[in-house]
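Trainee: structure for the following, please:
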Amino acid sequence: MLLYCSHLVVRDSEPPIALLSAVAEWLSRKSGTTLSAADLVDGFSFKGRDGCAIDCAMCDVPGEICFAIQFRHPDRDYPAREWIADIGGRLDGKVWRCSVSLATFETSRYIPPVEQTTRPQVVRNIIERCQIDSATIGSAARPLTISDAEAFEYQVKDPERSFPLVVISCDRAGKFLVDPHRLASLLTGIAEVVFIPRDVDTFRLEHLLTPSFSAYGGAATIIWHRDRPGSSRILSSKLIPERLLEMQSVNLELESELLAKICHRSNAGNARTAVTLDSVRRMAAQARLRFALSKGEPDKDLLALYEDADKQQRAQIESQKRDVDGLLDELARSEEKRERLEQHVDALNQAIAAGRLAERATEKKVSGIPAAQVLELLCEKLSLEKCLHVIGLAFPDRLVILESARRSAEESADFNNPQKALELMWKLCDGYWSAIVSGSDQDARAVFGNSYAANESETARNNKRARELRTFEYRGKPVEMMKHLKIGVKDSTAETWRLHFHWDAEEKKIVIGHCGKHLDHG
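Mentor: This is a model prediction of the structure:
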């Protein structure tokens with residue numbers, strides 16, 4: 001099972017002394033013997049008493065200079081599992097394109113799976129002892145600010161991008177649940193990491209990039225690259241703060257978990273271009289054969305036999321490549337479906353833990369107990385702020401939540417019926433959105449009954465201050481939001497709630513400008 005595969009670009013001599021020295025130092029520690037770069041030559045082989053083994057291969061012909069080193073050793077706790085590390089390099093102009101992969105091979109199914117994906121120590125050795133070229137993916141976390149948004153969006157949508165991007169945000173206290181610098185170190189050669197500094201307006205950034213490509217409140221977003229040429233969809237996975245804290249509570253290291261999640265999707269593509277022991281040996285054998293054939297008049301029958309065998313072998317390889325491409329396409333489609341379902345499950349779990357998902361929940365029973373009662377027990381600490389977070393996760397493509405809405409929700413922290421508010425918000429993004437998109441405003445209104453008002457009273461509409469309170473900046477312009485949802489009529493933040501929104505017909509999105517107290521009429 002392939003656990004890890006990365007690609008580094010290293011500046012080195014020919015042969016690559018610094019690169020081989022870094023590998024030799026790591027092999028010396030792992031194998032218990034002393035090795036140097038000079039030992040790692042073509043055909044070098046070593047077997048240790050503990051069952052470990054080292055094999056090396058090199059190919060040095062014009063246009064194809066490469067090397068590969070494989071290290072194998074049995075698992076300390078489960079002898080039926082063998083660990084296999086492959087380090088390979090290919091000279092490309094003045095740089096070496098180096099690949100490092102880590103895999104396991106099991107001879108029994110009665111052993112537990114590997115608990116954690118780790119970066120092989122040899123990668124750190126190479127980074128510390130060699131000159132890493134700027135063409136290497138990642139290596140250092142970089143900040144993402146408002147001024148970087150346009151360039152970042154271009155990078156996200158670049159059809160040539162072949163690696164994931166990870167966006168890390170800090171929580172309200174300015175702390176990162178996921179350490180962006182440690183994560184960037186682990187993902188060197190695999191993915192790029194960006195982090196949003198504390199002083200950045202995450203609402204504005206989210207508006208510029210869309211929620212799928214941004215993060216806030218301590219969340220982490222993985223933006224995947226296109227799985228196949230010509231694909232227009234760019235998938236993303238969002239790990240919300242609650243999920244990250246839950247992972248921490250069971251002693252999982254978040255950076256390692258993100259590494260595992262990203263490797264799961266990236267390994268197959270990275271492995272296809274990795275330099276391995278078998279590939280180098282095959283190239284070396286072909287080079288020797290070509291050299292032998294060039295020395296004198298070859299046997300015509302033998303040459304014809306070789307050419308026929310080579311033709312068949314190449315056809316078989318091409319067929320296998322097509323099969324692999326087909327399987328990768330199928331895997332990409334399955335992963336895409338899984339990502340969508342996973343995000344939907346996350347949103348549902350958040351909603352269930354936060355309050356009533358929708359009006360149907362009140363009609364159903366869970367183990368003989370009304371679902372509404374179960375949800376109320378689960379939602380003792382629900383707030384309007386959490387309600388906004390839930391629907392933002394559940395309907396990222398249908399909804400824009402302005403910063404003013406988040407602020408007003410914070411200011412109404414004492415509202416005593418957030419469950420009902422969440423139910424109305426869910427209807428807004430579900431039934432109302434579907435009805436308004438189909439062009440039926442009458443059906444849209446019917447979704448809410450008396451909890452919806454298409455406009456404000458004449459008193460409010462004719463009062464300058466009242467109109468200003470109901471005007472919010474959206475896309476750099478002031479927008480009046482008279483449509484609103486309502487609970488209660490008392491002059492009390494604990495008992496009365498209003499949600500003012502705007503329908504953006506062009507983007508087909510609901511824009512929430514206010515989620516809190518009843519706004520004054522004048």
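
Trainee: what bridges to Val479?
Mentor: On the basis of DSSP bridges, Val479 is bridged to Phe472.

Trainee: how is this protein partitioned into domains?
Mentor: 2-132, 142-252, 297-353, 359-516 (automatic domain parsing).

Trainee: what is the end-to-end distance of the first one?
Mentor: Looking back up the chat, that one is domain 2-132. Domain 2-132 has an end-to-end distance of 25 Å (criterion: CA to CA, to the nearest Å).

Trainee: quick check: mean pLDDT of it?
Mentor: Confidence over domain 2-132 (mean pLDDT, whole number) is 91.

Trainee: not counting sequence-adjacent ones, nearest residue to Leu469?
Mentor: Counting by CB to CB, 6 or more residues apart in numbering, Leu469 lies nearest to Leu519, which is 4.6 Å off, once chain neighbours are set aside. Any C-beta I mention is one placed from the backbone N, CA and C, and that applies to glycine too.

Trainee: from Ala140, how far off is that neighbour?
Mentor: Taking CB to CB, to the nearest Å as the measure, Leu519 falls 47 Å from Ala140.

Trainee: so for these two, which sits in the more crowded spot?
Mentor: Leu519 (18 against 11; other CB atoms under 10 Å).

Trainee: SS state for the more buried one?
Mentor: With DSSP: H, G, I helix; E, B strand; the rest coil as the basis, Leu519 sits in coil.

Trainee: distance check, it against Ala409.
Mentor: 14 Å.

Trainee: equivalent analysis for Val100, please.
Mentor: The value you get for Val100 to Ala409, if CB to CB is used, is 47 Å.

Trainee: same check, this time on Ser212
Mentor: Counting by CB to CB - Ser212 and Ala409 are separated by 22 Å.

Trainee: out of the two, which sits in the more crowded spot?
Mentor: Using other CB under 10 Å as the criterion, Ser212 and Ala409 rank with Ala409 on top: 26 against 17.

Trainee: and the more buried one, what element?
Mentor: helix 403-411 (DSSP states H and E).

Trainee: and that helix, which residues are buried?
Mentor: 403-406, 408-409 (16 or more other CB atoms under 10 Å).

Trainee: could you take those residues and lay them out as a markdown table, with extra columns for pLDDT and distance to Thr493?
Mentor: Formatted as a markdown table, the buried residues of helix 403-411 follow (pLDDT from 0 to 100; distance: CB to CB, whole Å):
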| residue | pLDDT | distance to Thr493 |
| --- | --- | --- |
| Glu403 | 91 | 19 |
| Ser404 | 92 | 16 |
| Ala405 | 93 | 15 |
| Arg406 | 91 | 16 |
| Ser408 | 93 | 10 |
| Ala409 | 92 | 11 |
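
Trainee: just the closest of those to Leu3, please.
Mentor: When the buried residues of helix 403-411 are ranked by distance to Leu3 (CB to CB), Arg406 comes first, at 39.9 Å.

Trainee: the closest one is in contact with Glu206, isn't it?
Mentor: No. Look at Arg406 against Glu206 with CB atoms under 8 Å: they stay out of range, at 10.9 Å.

Trainee: residues contacting Glu253?
Mentor: Listed by CB atoms under 8 Å, 6 or more residues apart in numbering, the contact partners of Glu253 are Gln116.

Trainee: quick one: contacts of stretch 121-131?
Mentor: Stretch 121-131 has contacts (CB under 8 Å, 6+ apart) with 6, 8, 10-12, 18-19, 21-23, 25-26, 29, 85, 87, 98, 100, 132, 139, 188-189.

Trainee: give me that answer again for 6 Å
Mentor: 10-11, 18-19, 22, 25-26, 100 (CB atoms under 6 Å, 6 or more residues apart in numbering).

Trainee: how far off centre is it?
Mentor: 25 Å (CA atoms, centre = their mean, to the nearest Å).

Trainee: and that stretch, C-alpha only, in CSV?
Mentor: What follows is stretch 121-131, C-alpha atoms only, in CSV (Å, rounded to 0.1, in the frame of the first residue of the first chain):
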residue,chain,number,x,y,z
GLN,A,121,13.1,11.1,7.5
VAL,A,122,15.2,10.9,4.3
VAL,A,123,13.1,13.8,2.9
ARG,A,124,14.1,16.0,5.8
ASN,A,125,17.7,14.9,5.2
ILE,A,126,17.6,16.0,1.6
ILE,A,127,15.9,19.3,2.4
GLU,A,128,18.5,20.2,5.1
ARG,A,129,21.6,19.1,3.2
CYS,A,130,20.8,19.9,-0.4
GLN,A,131,20.0,23.1,-2.4
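
Trainee: which parts of it are buried?
Mentor: Result for stretch 121-131 [16+ other CB under 10 Å]: buried residues 122-123, 125-127, 130.

Trainee: so which of those residues are in helices?
Mentor: Among the buried residues of stretch 121-131, the members falling in helices (DSSP state H) are 122-123, 125-127.

Trainee: residue closest to the middle of this structure?
Mentor: For the chain, Ile222 is the residue whose C-alpha lies nearest the centre (CA atoms, centre = their mean; 2.2 Å).

Trainee: which of the three states applies to that one?
Mentor: Ile222 is classified as strand under three-state DSSP.

Trainee: isn't it right up against Ile168?
Mentor: No. Look at Ile222 against Ile168 with CB atoms under 6 Å: they stay out of range, at 10.2 Å.

Trainee: next one: the residue nearest to Leu469 from Glu480, what distance?
Mentor: The gap separating Leu519 from Glu480 is 12 Å, by CB to CB.

Trainee: just Glu255 next, same as before
Mentor: Taking CB to CB, one finds Glu255 at 46 Å from Glu480.

Trainee: the two: who's more crowded?
Mentor: Here Glu255 and Glu480 are compared on neighbour count by other CB under 10 Å; more neighbours surround Glu255, at 20 against 15.

Trainee: before we move on, back to that, quick check: closest non-adjacent residue to the residue nearest to the centre of the chain.
Mentor: Excluding its sequence neighbours, the residue lying closest to Ile222 (CB to CB, 6+ apart) is Ser237, at 4.5 Å.
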